[in-house]
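**Q** kindly generate the corresponding structure for this input.
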Amino acid sequence: MARIAKWQRFILAAVMSLILRADAFVVPTISSITKRSQQSTRIPAEPFTKGEINGYTSNYKYSNELDKRGSFFRFLWPQVDGEDNEDGYGDMRRKKRSLLMRLIRAPIKALISPQAREPGTLILVRHGESAWNANQTFTGWADPDLTEKGRRESEHAARLLLEGGYEIDVVFSSRLKRAIRSAWIILQEMNSVYIPVFKSWRINERMYGALTGLGKKDTASQLGPDLVQQWRGSLKSRPPAVKPGDAYWPGKDRKYADLTSEQIPRTESLLDCMERVKPLWDCKIVYELRRGKNVMVVAHANTLRGLVKVIDNIDDEDIQEVAIPTGIPIIYKFNKEMVSIPPNIDQRTTAQVHMNGLFLEKPGLLKEALKREEEWCKKVPGYTEQMLRAQTPMSALERSLYKLMAEREIQTWAGQFFDPSAAEDDGTDGNNGKPLRLVEDKIWELGMQELKSGEQFSPEHAFRQAASAANGPRDGEGNTFIRPLMSSNNPCVTAIPSATLVPGIGATPIRRDPVIVIIRHGKTEHNKLGLFTGWEDAPLARDGVEEARAAGRLLKLHGFEFDVVYTSWLSRAIETALYVLDELDSLWLPMIKTWRLNERMYGELTGLSKQMVKQRHGETQFKAWRRGFTTRPPAVSSFSQHYPGNDRRYQKYLNDVRWGFRESAIRSIEKGRPIIHRKLPKTESLKDCMDRTIPFFTEKIIPEAVSQGKRVLISSSENAIRGLLMHLCEIPEEKIVELEIPNGLPIIFDIKSKCVKLLDDGSGKDPLDVYNFGKAAGYLFRPCEKEDGSLDDECDIRYMTDRDFSMTDEVRETIDYITRPKITRPTPELAPTAASR
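**A** Have a look, this model is predicted:
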C-alpha cells in the first residue's frame with residue numbers, strides 16, 4: 001500500500017503541475033508589460049455588460065475576474081498578458097515549459113519539496129501621512145507625496161517589522177506616489193530593496209470624483225456635514241462624478257494609459273472600491289500566500305479595508321466601523337484553508353474589532369510622540385544624534401532597532417498626554433472618522449455586561465467572544481475556502497505621454513523615439529575608498545544619492561520620459577533608478593530587476609582595498625585581475641559571506657541558472673536532507689560578466705522593450721555597462737578594459753543614428769573635460785552616421801511633435817543590427833572631436 005501511495009503522490013504532483021503551472025520565481029521580463037506611454041488604439045481589456053459606467057455595473061460590481069476564459073482554455077493556451085501580467089507579475093511567477101519538462105520535474109519536486117507548506121504571512125501597511133492627509137483634503141486618485149511625518153511613519157513601520165522578525169518575499173502597492181514611496185522607505189530600512197514590487201491600479205485609493213482636491217472641513221461647512229459624512233462613510237453612496245478632462249480625471253495621466261476608459265472610475269462608493277480590490281486578492285495575493293510567500297501590501301485606507309472585508313468575511317454594516325491608521329503594520333496569519341487566525345495580543349500589540357489582523361503597535365502613540373519630539377529633544381541629551389544615521393560601525397538591523405528603542409522611549413513619555421477618545425480624524429473614512437475600536441475596548445464592554453448580569457468577568461473569555469465575532473460567519477466546520485484564479489487578460493494598451501513643464505523654460509517637447517539611456521549607479525563608500533565591491537551590496541553614499549538625483553533632473557530638463565526600467569539586484573543600482581524616477585515623477589514605472597545586470601563578481605578580492613591587493617600580489621597580478629579580459633580573480637569558497645549562494649535574494653528569486661551538483665551535495669550534507677542549489681559564480685573575468693549581460697540585453701531588453709517602441713532606462717554597474725557598450729559600439733576586447741564609466745552620468749544611445757551622446761548640463765563645460773571615460777573614449781564617441789553612411793555632425797536625439805508614434809523600417813533595421821552577433825575587430829583609436837561629442 002505504501003508503494004501505491006507513493007506512486008499516487010507522483011501522479012498527483014504531475015497533474016497539479018500541469019494544471020496550476022505554479023513554478024518558482026524566475027528572472028522577471030516584460031514580454032507583455034503594459035505599454036503605458038506610447039499612443040495606440042484603446043482595446044477594452046475586459047468586456048463590460050450593457051449599462052456599465054465608470055468601470056462598474058449599476059449594481060455596484062466591478063468585473064471580478066482578470067480573465068474571462070475558462071480554466072481548460074487557460075491551460076491549453078496560457079497567457080501572461082494584461083492584468084495578470086501587470087507590472088511584469090505574470091512573467092515573474094510563471095515560466096513556460098514544455099509538457100515533457102513538466103512531467104519530468106513533477107516527481108522530482110515532489111521528492112525534494114516540503115511535505116506541507118504553511119501559508120505565508122500577510123502584512124498590510126497604509127502609506128505614511130501625505131500632504132493632503134495633513135491638511136484634510138479629499139485625495140482619492142490624486143498623487144500628493146508624503147510629508148516628513150509620513151516618511152517617519154514608514155521608517156517606524158519597517159523597524160516594527162524588523163523587531164518582529166518578519167521577512168518579506170513580494171510587495172504589492174498602488175500606482176500612487178505616497179504608497180510607492182512608503183514601500184520604498186520600508187524596504188530600504190529593511191535592507192531589502194531588491195524584493196519584487198508590483199504596482200497595481202486595483203489598490204489605488206477610492207476615487208472621490210468631484211470632491212478630489214476639496215478640503216473636508218470646508219466642504220462640510222458648505223454642503224452640510226451629514227451629506228459629506230454620507231459620502232465618506234456610507235457603503236453605497238457615491239460623490240458627484242468628475243468630468244473627463246477635469247484636473248483630477250485619471251484619464252489624463254499616462255500611468256493609467258493601459259486602462260480602458262470604462263475601467264477608469266469617475267467616482268466610487270466604498271463598495272465599488274472594495275469590489276475593485278477583490279480580483280487582486282483572489283488571483284495574486286492568495287496565490288503567493290498559498291506558496292508560503294510573505295506578502296506585504298502597501299496601499300490606502302479604503303482599499304485595505306476592502307481586503308480586510310474579504311479576509312475576515314466582515315459584513316457590509318460592520319466594515320463601516322473598521323479604520324486603518326497610517327504607518328502601522330497589520331499582520332495576518334492563515335491556516336491551510338486560508339482562513340485568518342485570531343491574533344495573540346501582548347502589551348505592545350493590539351487588534352481592532354471585527355478584524356483578525358494584529359496591529360504591531362497601538363494606534364496614536366507614534367503620532368503623539370512625533371508631535372512632542374521637539375520638546376523631548378530638549379530634555380533628552382543625545383536623542384537627536386541617535387535618530388540620525390549612526391556614524392559609528394553599526395549594521396542596518398542594529399541601527400533600526402536603536403532608533404526603534406529611542407522612539408519607544410518618547411512614546412512612553414508622550415503616552416501620558418495621549419487620549420485615544422480625543423484622537424483627531426486622520427483622513428480615513430473608517431468608523432465615520434471616529435477613533436478605532438480596539439479589541440481591548442470590546443473586552444471591557446463585554447466585561448461590564450457580565451458584571452451587570454451578576455457573572456464573573458473573565459478577560460480571556462471576553463477576548464474569545466470578541467475574536468469569534470470578528471471572524472464573521474463560517475461554514476459547518478468553521479472554515480472558509482478561497483481559491484485563486486490562475487488567469488490572464490487581454491493585452492493592455494498605450495497612450496501619448498504628457499508634456500513636461502520645466503520651471504523657467506516652459507513646456508519641453510517629449511522625446512518619443514525609442515531610446516536607451518544607460519546610467520552607472522551613484523558613488524558608494526566602497527567607490528570612494530577604492531574597494532573591490534562586486535556583488536557586495538554597498539548602499540549609495542550621500543553624494544551618490546545627489547549624483548542620481550542630478551541625473552534625473554538633467555533627463556527631465558531634456559524632455560526624457562521612460563516606459564520601463566531595467567536594473568540589477570544590487571541596492572546601489574536599484575536606488576539610483578528610483579532617485580532618477582523620483583525626479584521624473586515616474587515612480588510608478590515598471591522596474592525589472594535581474595542578477596544578469598549585476599557588477600562583475602570579484603571573488604576573494606571582494607571588500608579588499610585595491611591598494612592592499614596591489615601591495616600583496618604585485619602590480620602585474622593586480623592589473624591582470626582588474627583589467628584582464630579573461631583573467632579571473634581567486635574564487636570564494638562555498639561558505640564565504642561573499643558567495644552569492646549564501647545571500648537570500650539569490651536563494652529565493654534566481655531561477656534561470658542550472659543546478660550545481662557540487663553545491664547541492666555540500667548543502668545536502670549540511671542540512672541532512674536533499675537540497676538542490678544553483679551554480680552561482682564564485683569569481684568572474686570581465687568576459688564572464690559580459691557573457692551574462694549581453695545576452696540579456698539582446699534576448700530580453702531589445703525584443704521585449706526596444707523593438708516595441710519603448711524608451712528604456714538601464715541602471716547598472718561599471719562592468720555590466722562596459723558589456724552593453726562593447727556590444728552597441730563594437731569596441732574591441734583589448735580596448736574595452738580601458739573604458740571608464742563615470743558614476744551618475746546618463747549615457748544616451750540613439751538607435752536611429754547608432755551613436756552615443758551626452759546631455760548638455762548648461763555649465764558650458766565640455767563633458768569629456770569633466771568626466772573620465774578612459775583611453776577608449778574615442779571608440780565610444782564616434783561621429784554619428786546618416787542613412788547613406790556619411791558623417792552627420794548635427795545628429796541628436798530628435799524632439800518629437802504630438803503626432804502618433806510608429807516604428808519605421810529604419811528603426812527596425814537598426815534594431816536588427818543591434819541584435820546581430822558582432823565580430824570585434826581592431827580599430828584605430830579615435831581622438832574625440834567636437835563632432836563626436
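**Q** wait, is residue 166 part of a helix?
**A** No. Counting by DSSP: H, G, I helix; E, B strand; the rest coil, residue 166 is not found in a helix; it is coil.
**Q** how about the backbone phi and psi for it?
**A** phi -80, psi 130 (degrees, to the nearest 10).
**Q** report pLDDT for it.
**A** Looking at residue 166, its pLDDT reads 94.
**Q** ok, it to residue 159 distance?
**A** 11 Å (CB to CB, to the nearest Å). (Each C-beta comes from the backbone N, C-alpha and C, glycine too.)
**Q** in terms of neighbours, single out the busier of those two.
**A** Neighbours per residue (other CB atoms under 10 Å) separate residue 166 from residue 159, with residue 159 holding more: 23 against 17.
**Q** I'd say the more buried one and residue 189 touch.
**A** Yes. Counting by CB atoms under 8 Å, residue 159 does reach residue 189; the two are 6.7 Å apart.
**Q** test my guess that residue 320 contacts residue 236.
**A** No. Counting by CB under 8 Å, residue 320 does not reach residue 236; the two are 10.8 Å apart.
**Q** need the overlap of contacts for the two.
**A** residue 270 (CB atoms under 8 Å, 6 or more residues apart in numbering).
**Q** quick one: which of these two has more around it?
**A** Comparing residue 320 with residue 236 by other CB under 10 Å, the one with more neighbours is residue 320, at 19 against 11.
**Q** tell me the confidence at that one?
**A** 82.
**Q** the stretch 51-200 of the chain: helices as residue ranges?
**A** 71-76, 89-93, 99-112, 131-134, 148-163, 177-189 (DSSP state H, counting those that start in this stretch).
**Q** quick one: mean pLDDT over the fourth one.
**A** If you average the pLDDT over helix 131-134, you get 90.
**Q** what comes up buried for that helix?
**A** By 16 or more other CB atoms under 10 Å, the buried positions in helix 131-134 come out as 132-134.
**Q** may I see those residues organised as a markdown table, with distance to residue 572 added?
**A** Output for the buried residues of helix 131-134, formatted as a markdown table (distance: CB to CB, whole Å):
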| residue | distance to residue 572 |
| --- | --- |
| 132 | 33 |
| 133 | 32 |
| 134 | 32 |
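**Q** which of those residues lies closest to residue 761?
**A** residue 132 (34.1 Å; CB to CB).
**Q** list the contacts for that closest one?
**A** So residue 132 contacts 138-139, 142, 144, 427 (CB under 8 Å, 6+ apart).
**Q** with residue 126 instead?
**A** 298-301, 304, 324-328, 428.
**Q** what number of residues lie near residue 676?
**A** Quick note: residue 676 (other CB under 10 Å) scores 14 neighbours.
**Q** and the pLDDT for it?
**A** 86.
**Q** thought it was touching residue 657?
**A** No. Assessed by CB under 8 Å, residue 676 is found out of contact with residue 657, at 11.7 Å.
**Q** quick check: residue 181 vs residue 188, distance?
**A** Taking CB to CB, one finds residue 181 at 10 Å from residue 188.
**Q** ugh, wrong one, residue 599
**A** 20 Å.
**Q** neighbour count: these two, which is higher?
**A** residue 599 (26 against 19).
**Q** residues contacting that one?
**A** If you count contacts by CB under 8 Å, 6+ apart, then residue 599 has 533-535, 568, 570, 689, 716-720 around it.
**Q** again, only this time at 10 Å
**A** 520-521, 532-536, 538, 568, 570, 572-573, 606, 684, 689, 716-721 (CB atoms under 10 Å, 6 or more residues apart in numbering).
**Q** check residue 118 too.
**A** 289-290, 292, 333-336.
**Q** ditto for residue 157
**A** Counted by CB under 10 Å, 6+ apart, residue 157 has contacts 123, 125-128, 182, 185-186, 189-190, 296, 298, 326-329, 360-361, 366.
**Q** now residue 601
**A** 534-536, 632-633, 635-636, 642-644, 680-685, 688-689, 692, 719.
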